[in-house]
Structure formats: structure tokens, C-alpha cells
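In: Attaching a predicted model along with its sequence, questions to come.
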Amino acid sequence: EVQLVESGGGLVQPGGSLRLSCAASGFDASNYAMAWVRQAPGKGLEWVATIQSGINIRTYADSVKGRFTISRDNTKNTLYLQMDSLKPEDTAGYYCIQTRWGLRRNDYWGQGTQVTVSS
């Protein structure tokens, strides 16, 4: 059974850092392009970062470029999102997904992890 479990969120002050993790099970995540997406209160889902399989090409939303880094550890079947220089507008629920699912929730989506940036 495909499962994705996100963790690492929390409350952080502006300018702070967090590292999100996404533990995958039921499939080999290294064979898939993966992504982090987020949903802020009252707003729609937004792509944050993607990482391709194999060659590990990464893409980022303009709003996070230079501040966030997506990576994966294939030995642990885990995806990461290092978030630095956090801003209040980064406040959102963060989810990891297979990019082929698109921004449409399905039964495989995890519960996500909440990030709140506030002083």
C-alpha cells in the first residue's frame, strides 16, 4: 500500500529554518519524480519544489528559489525539504506527492505537516 508520511513542521520565527521529511512506503520513491506542494489557509494548492528520478534535476517555485532545497535519500526511501530564511508567507500545510498525480488530492496523499512562520 502506498503511504507518504510527512513530518518536521512547526512554529518558527521569520528568518528561521526547518527541515521537512517525507517517508515513503509501498513503492520505491527513487523510481518516481517527487514533489513538495503546499496549501496556505484559504488558498489553493501550490507547487513548491520537484525532483526527478535518476538524474535528480530539481525545480523550484520562484517564491522559494534560493531559500528551499529539495533532496532525497534513496537508501531510506525518504524525501526532504530544507527550508531556510523562512517568511510568514511560507505558512502552509506541506505535502509530498508523486508529481504525476498533479495538484489533485487522492487516497495516497499523507496528512501533511504544518509550517507556521510567525514572530
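Out: It's in. Numbering: from 1, shown residues only.

In: per-residue confidence for the most centrally placed residue in the chain?
Out: Residue closest to the average C-alpha location in the chain (C-alpha atoms, centre = their mean): Trp36, at 2.8 Å. Model confidence at Trp36, given as pLDDT, is 98.

In: same thing with Asp73?
Out: If you check Asp73, the pLDDT there is 95.

In: give the contact list for the closest residue in space to it that isn't next to it in sequence.
Out: Nearest non-adjacent residue to Asp73, counting by C-beta to C-beta, 6 or more residues apart in numbering: Tyr80, 7.2 Å away. Heads up, the C-betas are built off the backbone N, CA and C, glycines and all. By C-beta atoms under 8 Å, 6 or more residues apart in numbering, the residues touching Tyr80 are Arg19, Leu20, Ser21, Cys22, Ile70, Ser71, Arg72, Asp73.

In: so which of these is the most crowded?
Out: Highest neighbour count within the contacts of Tyr80, by other C-beta atoms under 10 Å: Cys22, with 26 neighbours.

In: partners of whichever strand or helix holds that residue in the sheet?
Out: Under the criterion of DSSP states H and E, Cys22 resides in strand 18-25. Using DSSP bridges, strand 18-25 pairs in its sheet with strand 3-7 (antiparallel), strand 78-83 (antiparallel).

In: Thanks a lot, see you next time.
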